[in-house]
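*Asks:* the sequence and its predicted three-dimensional model are supplied below.
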Amino acid sequence: MTNEPLRWGIMGTGGIAGAFAEDLRLTTSGVVAAVGSRTDGSAQRFADERSIPTRHGSYEALANDPDVDVVYVATPHPMHHGNARLALEAGKPVLVEKPFTMNAEEARDLVDLARSKDLFLMEAMWTRFLPHIRHIRDLLPGLGRIVTVTADHGQWFAEDPAFRLFAPELGGGALLDLGIYPVSFASMVLGAPERVAAMATPAFTGVDAQMSMLFGYANGAQAVLGCTLSAVSPTTASIVGTDARVEIEGPFYAPASFTLISREGERTRHEYADEGRGLRHQADEVALRLAAGETESPLMPLAETVSIMATMDEVLAATRT
């Protein structure tokens, strides 16, 4: 990808930060050079477990580390905006964990800042870069006119008010953490919806425990999407066209196999397996774009990231009417 592997600095020490660090070991495009946390102890533990050479007890120190080429923001949702701004202000390219921000206003602010500084910025919607999704994008023209997109993402979590998915102050709720996958998938296929309808069921802490969404598009297509914190759902997805359809096995957002089914019923199964969690592919994409001198990825463009956050805003607004 580049003459030398990118030196990544990871902001945050949670589960997704650890998964990203482990997946980087499976690629030659980058290495974890440093980690930053709000506390020195957390940074030390994370680094010791993974033999990361540099550890910082603040996000500011990580952002300003001269030995860091690119920053991965892996903190809780409400911190994405502020943490990404720190890195951009320090002149660093940035990969921001999904959801990109808490709302479209914050997303626009980050995009404007990155563009003003001519810096690379991308949402870490890692699904976009998986081999089976790249293959499906190539197949879309052969499906005919897209009529329906379906996708769901449901997981079961014990009802703990301190757990981030149930904590309002940590950006909890099914939509932001789980629903972002179906919404982004629909956006990839159909773009921004013209109409949004939604129904939510609250959790005991007030965050959305379950969300059902129906999107309508100017060409007549519809997307039927869902997410829940209360049960394990199939986590499958489909793209239905007038000539053929694609059915993706669960979990659709991770490395998965899929079947192409013609209008006449002929089935062609495409099997995909991937080493690791699948997060390495987005790291390779960042390295590829930086080596080319580009400031965003055509597979996850910034305008679409802002559009997706605007759609999420509309979904939440629809549940309050």
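*Replies:* Thanks, I have the structure now.

*Asks:* show me what whichever strand or helix holds Thr311 is packed up against.
*Replies:* For Thr311, the enclosing helix or strand under DSSP states H and E is helix 302-318. Judged by 3 or more C-beta pairs under 8 Å, 6 or more residues apart in numbering; DSSP states H and E, helix 302-318 is in contact with helix 104-116, strand 121-124, helix 180-190, strand 195-202, strand 208-216. The way it works is simple: take the backbone N, C-alpha and C, and place the C-beta from them, glycine included.

*Asks:* center of the chain - which residue?
*Replies:* Met125 (2.5 Å; C-alpha atoms, centre = their mean).

*Asks:* please tell me how far that one sits from His281.
*Replies:* With distances taken as C-beta to C-beta, to the nearest Å, Met125 is found 11 Å from His281.

*Asks:* for burial, what's the neighbour tally of Leu26?
*Replies:* Using other C-beta atoms under 10 Å, Leu26 has 16 neighbouring residues.

*Asks:* which residues touch it?
*Replies:* Applying C-beta atoms under 8 Å, 6 or more residues apart in numbering to Leu26 gives the contacts 275-276, 280.

*Asks:* how close does it sit to Glu159?
*Replies:* 35 Å.

*Asks:* cool, and Lys92?
*Replies:* According to C-beta to C-beta, Lys92 and Glu159 sit 38 Å apart.

*Asks:* between these two, which is the more surrounded one?
*Replies:* In terms of neighbours (other C-beta under 10 Å), Lys92 is the more surrounded of Lys92 and Glu159; the figures are 21 against 12.

*Asks:* so that one, which state does it fall into?
*Replies:* Using DSSP: H, G, I helix; E, B strand; the rest coil, the structure places Lys92 in coil.

*Asks:* neighbours of Ala231, how many?
*Replies:* Residues lying near Ala231 (other C-beta under 10 Å) number 11.

*Asks:* Ala303 now?
*Replies:* Around Ala303 there are 10 residues (other C-beta under 10 Å).

*Asks:* and the gap between it and Ala287?
*Replies:* 22 Å.

*Asks:* Tyr217 now?
*Replies:* 34 Å.

*Asks:* where does Gly226 land in three-state SS?
*Replies:* At Gly226 the chain is in strand, as set by three-state DSSP.

*Asks:* I'd say it and Pro182 touch.
*Replies:* Yes - between Gly226 and Pro182 there is a contact under C-beta atoms under 8 Å: 7.0 Å.

*Asks:* which one's more surrounded, the two?
*Replies:* Counted by other C-beta under 10 Å, Gly226 and Pro182 do not tie: Pro182 has more neighbours, with 27 against 20.

*Asks:* residues contacting the more buried one?
*Replies:* By C-beta under 8 Å, 6+ apart, the neighbours of Pro182 are 151-153, 213, 225-227, 237.

*Asks:* likewise Pro78?
*Replies:* Residues in contact with Pro78 (C-beta under 8 Å, 6+ apart) are 102, 169-171.

*Asks:* quick one: Leu113 and Ala87 touch, right?
*Replies:* No - using C-beta under 8 Å, Leu113 makes no contact with Ala87, being 10.2 Å away.

*Asks:* who's more crowded, the two?
*Replies:* Using other C-beta under 10 Å, the more surrounded residue of Leu113 and Ala87 is Ala87, with 30 against 16.

*Asks:* give me phi/psi at the more buried one?
*Replies:* phi -70, psi -40 (degrees, to the nearest 10).

*Asks:* give me every residue that touches it.
*Replies:* Counting by C-beta under 8 Å, 6+ apart, Ala87 has contacts 11, 62-63, 71, 73, 94.

*Asks:* cool, Glu247 as well?
*Replies:* With C-beta under 8 Å, 6+ apart, Glu247 has these contacts: 236-238, 258-259, 261.
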